[in-house]
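Give me coordinates for this.
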Amino acid sequence: MDIFIWNIALTAVLAFIGYVMKEKSDEIQRIGILLNKTREEVARDHITRVEVRADSQMLLDRLDRLEQKIDRLVEQHRA
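The predicted model follows:
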């Protein structure tokens, strides 16, 4: 009778350990999928060097035009 109870107790403990390991494995797999999706979203949202240079050049061009307008305004004011 003692062996029967011991077998039931060991089976219950092993079943619980197996259940916990399965749940943890599923959770790790879910987190891995979420991590891959996050990596894709981060890569999609980042700006490239080419885009930075293009935006910087556009900003510099606008500042140059503004500088030219200010120069013309100063020249007109002096004249």
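
how near is T11 to Y19?
Using C-beta to C-beta, to the nearest Å, T11 is found at 12 Å from Y19. From N, CA and C alone the C-beta is placed, and that goes for glycine too.

How far off centre is stretch 60-71?
In terms of C-alpha atoms, centre = their mean, to the nearest Å, the centre of stretch 60-71 is set 38 Å apart from its chain centre.

Can you dump the C-alpha atoms of it in CSV for me?
These are the backbone C-alpha positions of stretch 60-71, laid out as CSV (Å, rounded to 0.1, in the frame of the first residue of the first chain):
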residue,chain,number,x,y,z
LEU,A,60,19.9,73.9,-45.5
ASP,A,61,18.4,74.9,-48.8
ARG,A,62,15.6,76.7,-47.1
LEU,A,63,17.9,78.5,-44.7
ASP,A,64,20.0,79.6,-47.7
ARG,A,65,16.9,81.0,-49.4
LEU,A,66,15.9,82.8,-46.2
GLU,A,67,19.4,84.2,-45.9
GLN,A,68,19.2,85.5,-49.5
LYS,A,69,15.8,87.2,-48.7
ILE,A,70,17.2,88.8,-45.6
ASP,A,71,20.2,90.1,-47.6
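
pLDDT averaged over it, what's the number?
This predicted structure assigns stretch 60-71 an average pLDDT of 96.

pLDDT at the residue nearest to the spatial centre of the chain, what is it?
Among the residues of the chain, the one closest to the centroid is V42, at 3.7 Å (C-alpha atoms, centre = their mean). Predicted confidence (pLDDT) for V42: 79.

Cool, thanks, talk later.
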